[in-house]
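Student: Sequence first, then the predicted structure, then my questions.
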Amino acid sequence: MNLHLEIITPEKIVYKNDVDEVVVQSENGQITILPNHVGLLTKIVPGELIVKKGGSTQLLAITGGFLEVEKNNVSILADYAVRAEDIEVLKAQEAQRRAGKLMEEKRSEKDFATAQAEMIKAITELKVATKYKRKPSRPTEV
């Protein structure tokens, strides 16, 4: 029996597939969702989202949102989510620098909050991209 996972952001459906396991950071710590998990609604925090299916593992960067589990359906409504392989490291590094500069300027509380959100997004992307790049490649057959 599998879980049906959907990850939805305001812009698009980022992921929609049957999976074996989902690991995510909630406000109360890391949780793992397996088939037949009890119904759950929780807030998720910025961090890494791990999706396991068969022998493969996929990493995503997520900046927060909500997770709901109901009858082997896992729905994640995320503020922002991106697959590790789609992260553009140079753009994330530039966004981090730009957000840091804006936070130092402290023009208004609104500007600071916007810059802080961009900083969290960039840092989350960079952490996930770094982990994804370090993942050992599978041996190739000769």
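Tutor: That came through fine.
Student: Find the residue at the geometric middle of this protein.
Tutor: When CA atoms, centre = their mean is applied to the chain, the residue found nearest the centroid is Ile62 (2.4 Å).
Student: wait, what's in contact with that one?
Tutor: With contact taken as CB atoms under 8 Å, 6 or more residues apart in numbering, Ile62 is in contact with 7, 24, 44, 46-49, 76, 78-81, 124. Where you see a C-beta, it was placed from the backbone N, CA and C, and this is true even at glycine.
Student: swap the cut-off to 10 Å and go again
Tutor: Under the criterion of CB atoms under 10 Å, 6 or more residues apart in numbering, the neighbours of Ile62 are 7, 9, 14, 24-25, 44-49, 76, 78-82, 121, 124-125, 128.
Student: Among the residues you listed, which are located in strands?
Tutor: Cross-referencing the contacts of Ile62 against strands under DSSP state E gives 7, 14, 24-25, 44, 47-49, 76, 78, 81-82.
Student: pretty sure Ser26 contacts Leu40?
Tutor: Yes: shown here, Ser26 and Leu40 form a contact pair, counting by CB atoms under 10 Å, at 9.1 Å.
Student: Give the residues shared as contacts by the two.
Tutor: When contacts are counted by CB under 10 Å, 6+ apart, Ser26 and Leu40 have Leu67 as shared neighbours.
Student: mean confidence score for the helix ranked longest in the chain?
Tutor: Longest helix in the chain by number of residues (criterion: DSSP state H): helix 109-134. pLDDT averaged over helix 109-134 equals 81, rounded to a whole number.
Student: packing partners for it?
Tutor: Contact analysis of helix 109-134 by 3 or more CB pairs under 10 Å, 6 or more residues apart in numbering; DSSP states H and E lists strand 47-53, strand 56-62, strand 81-83, helix 89-105 as its packing neighbours.
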